[in-house]
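Peer 1: one predicted model, sequence on top.
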Amino acid sequence: MSKIKNLQKEMLRYENITYLKKNMILLYGYIMLILLKIKLKKLKKFDNIRFAQKSCSNINILKIIKSYGVKVDAVSLGEIIRALTAGFTSKNNDLVFTSDILEDKTLKKIIQYHIPVNIGSLNMIEKIGKISPKHPVWLRINPKFGDGHHIKTNTGGENSKHGIWDINKAISDLKYYNLSLIGLHMHIGSGINLDNIKKMCDSMIQCALNINQKIQFISAGGGLNIPYKPHEKEINLEFYYNMWNKTRNFISSQLSCPIKLEVEPGRFIVAQSGVLITQVCAVKQMGNNCFIIINSGFNDLIRPMLYGSYHKISVIHQLNKMPIVQSTTDYIIAGPLCESGDLFTTNHEGLLLKRTLPTVIPGDYIIIHDTGAYGASMSSNYNSRPLIPEILYQNNNFYTIRKRQKIKDLIQLEL
Ligand code: LLP
């Protein structure tokens with residue numbers, strides 16, 4: 001991990017920010033680093049790594065991920081088109097569509113490209129079965145329990161809308177519509193606790209034995225967490241892999257067929273490859289609280305406001321305005337939006353938290369770390385703020401991989 005931190009430091013040298021500013025490429029934006037290669041290496045024991053592109057769906061990042069032999073998932077027509085544009089095909093199960101619904105236009109594209117479908121509801125079986133018999137499908141099983149770093153990221157159990165509850169009915173429907181079952185999939189949530197892996201594996205075994213037919217794949221889903229807070233540790237991947245590998249081997253022996261083991265992370269692969277660079281616009285003392293207002297809000301990064309998520313925050317002073325004496329201040333970090341909850345430093349309950357940072361003045365840079373996953377991909381145009389650019393830093397060069405949106409683009413559809 002120190003390799004990653006060093007590269008991040010390298011990227012954040014003053015010259016780089018000055019360069020970006022001077023060239024008017026960006027004043028603030030996402031920088032994606034190619035540290036994801038290091039993360040992918042850690043997953044290499046799995047037969048297939050499938051990138052959950054909802055975490056970061058920039059086509060240029062998808063192309064890089066593809067070049068490392070990684071597969072991809074798509075959860076909407078938009079994500080299918082992004083994957084196809086990045087060069088993924090349905091060959092070798094490289095692109096799989098996962099959802100709980102099948103909209104007509106999506107179904108048309110799926111049939112046109114023969115994309116395998118990971119089925120999350122019985123209605124999907126009927127919809128695809130009526131038009132495309134023998135279509136390759138996976139079943140996304142809801143194991144009747146879930147997990148996640150927040151209640152909103154828990155995708156299992158009866159409080160979740162995701163996955164198939166009644167496996168026996170799903171199997172009889174698959175037979176009725178003559179669909180071809182190729183894999184079993186389970187994703188219990190995002191930011192999972194490894195204490196639940198045994199329960200998940202047991203549930204997968206039970207389902208596979210219950211289904212009792214030959215399959216080609218099982219997927220452990222995604223949800224692997226990363227250390228956002230300074231004291232947090234990297235996930236124990238060896239334990240995780242060993243549990244799933246044993247599960248695969250057992251199912252494979254019981255069903256007498258070779259089975260490939262997949263994993264489907266988003267965050268684990270890209271979160272630490274991104275930072276959000278913002279600038280201090282105002283410093284306001286409000287009674288006992290000192291607020292910094294920066295030029296990015298929950299329109300650019302919503303995780304802290306939606307889940308109370310912690311992101312490391314650091315400061316880079318402007319090159320020509322370095323403080324003579326370094327001091328620190330306890331700040332609340334706020335965005336520019338016309339909404340009181342536009343705060344980057346709150347806890348799960350929305351309570352204000354203070355962050356001790358080097359004392360800043362307007363113009364200094366505030367860097368929000370680990371934003372490569374669910375940062376840009378969850379951004380919005382709230383308060384009519386255009387989407388910020390995404391910049392890729394590779395081999396000491398900067399590439400704009402998503403241009404800054406213009407206000408003109410924003411209003412165009414309304415004229
Ligand atoms: N597979 C499926 C079927 C999923 O629904 C998800 C995430 C993943 C894989 C990848 O999960 P990951 O490895 O990235 O944790 N916006 C939230 C996360 C919601 C994820 C939704 N599904 C956040 O910022 O924490």
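Peer 2: That came through fine. Residues are numbered from 1 along each chain as shown.
Peer 1: please make it C-alpha for all contacts and neighbour counts, starting now.
Peer 2: OK.
Peer 1: mind listing what's buried in the longest strand along the chain?
Peer 2: Criterion DSSP state E: the longest strand present in the chain is strand 274-286. Buried residues in strand 274-286, counted by 16 or more other CA atoms under 10 Å: 274-283.
Peer 1: do stretch 308-321 as well
Peer 2: So for stretch 308-321, counting by 16+ other CA under 10 Å, buried means 308-311, 313, 315-318.
Peer 1: where's the longest strand of the chain relative to the chain centroid, distance-wise?
Peer 2: With CA atoms, centre = their mean, to the nearest Å as the basis, strand 274-286 stands 24 Å off its chain's centre.
Peer 1: that one: partners in the sheet, and parallel or antiparallel?
Peer 2: Take DSSP bridges as the rule and strand 274-286 pairs in its sheet with strand 29-33 (antiparallel), strand 289-294 (antiparallel), strand 365-368 (antiparallel).
Peer 1: following element in sequence after the longest one, please.
Peer 2: Looking back up the chat, that one is strand 289-294. Using DSSP states H and E, the helix or strand that follows strand 289-294 towards the C-terminus is helix 303-307.
Peer 1: so what touches the very next helix or strand once past that following helix?
Peer 2: As assigned by DSSP H and E, the chain's next helix or strand after helix 303-307 is strand 313-316. Here strand 313-316 makes contact (CA atoms under 8 Å, 6 or more residues apart in numbering) with 14, 357-358, 360, 364-369.
Peer 1: now do strand 313-316, average pLDDT.
Peer 2: Across strand 313-316, the average pLDDT comes to 90.
Peer 1: now do it: distance to the chain's middle.
Peer 2: Mean-position distance between strand 313-316 and its chain equals 23 Å (CA atoms, centre = their mean).
Peer 1: C-alpha coordinates for the lengthiest helix in the chain, PDB please?
Peer 2: As assigned by DSSP state H, the longest helix anywhere in the chain is helix 237-255. Provided in PDB are the C-alpha atoms of helix 237-255 (Å, rounded to 0.1, in the frame of the first residue of the first chain):
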ATOM      1  CA  LEU A 237      -7.800 -11.800   0.500                       C
ATOM      2  CA  GLU A 238      -6.100 -15.100   1.100                       C
ATOM      3  CA  PHE A 239      -8.800 -16.100   3.600                       C
ATOM      4  CA  TYR A 240     -11.500 -14.800   1.200                       C
ATOM      5  CA  TYR A 241     -10.100 -16.700  -1.800                       C
ATOM      6  CA  ASN A 242      -9.500 -19.900   0.200                       C
ATOM      7  CA  MET A 243     -13.100 -20.000   1.400                       C
ATOM      8  CA  TRP A 244     -14.500 -19.500  -2.100                       C
ATOM      9  CA  ASN A 245     -12.000 -21.900  -3.700                       C
ATOM     10  CA  LYS A 246     -13.000 -24.600  -1.300                       C
ATOM     11  CA  THR A 247     -16.700 -23.900  -2.100                       C
ATOM     12  CA  ARG A 248     -16.000 -24.100  -5.800                       C
ATOM     13  CA  ASN A 249     -14.100 -27.400  -5.500                       C
ATOM     14  CA  PHE A 250     -16.800 -28.900  -3.400                       C
ATOM     15  CA  ILE A 251     -19.600 -27.900  -5.800                       C
ATOM     16  CA  SER A 252     -17.600 -29.000  -8.700                       C
ATOM     17  CA  SER A 253     -17.000 -32.400  -7.300                       C
ATOM     18  CA  GLN A 254     -20.700 -32.800  -6.300                       C
ATOM     19  CA  LEU A 255     -22.000 -31.800  -9.700                       C
END
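Peer 1: are the helix or strand encompassing residue 73 and the ligand in contact anywhere?
Peer 2: Residue 73 belongs to strand 71-74 when assigned by DSSP H and E. No. Judged by CA under 6 Å from any ligand atom, strand 71-74 and the ligand are separated, with a smallest distance of 7.9 Å.
Peer 1: that strand: what's the following helix or strand?
Peer 2: helix 77-85.
Peer 1: what packs against that next one?
Peer 2: In terms of contacts (3 or more CA pairs under 8 Å, 6 or more residues apart in numbering; DSSP states H and E), helix 77-85 is packed against helix 59-67, strand 71-74, helix 104-113.
Peer 1: winner for burial among the ones you listed?
Peer 2: Compared across the helices and strands packed on helix 77-85, strand 71-74 shows the largest average neighbour count, a mean of 25 (mean count of other CA atoms under 10 Å).
Peer 1: ok, the residue nearest to residue 75 when sequence neighbours are not counted to residue 128 distance?
Peer 2: Using CA to CA, 6 or more residues apart in numbering and skipping the chain neighbours, the partner closest in space to residue 75 is residue 98 (5.1 Å). Counting by CA to CA, to the nearest Å, the separation of residue 98 from residue 128 is 13 Å.
Peer 1: sketch out the low-pLDDT regions of the stretch 251-400 of the chain for me.
Peer 2: Along the stretch 251-400 of the chain, segments meeting pLDDT under 70 span 396.
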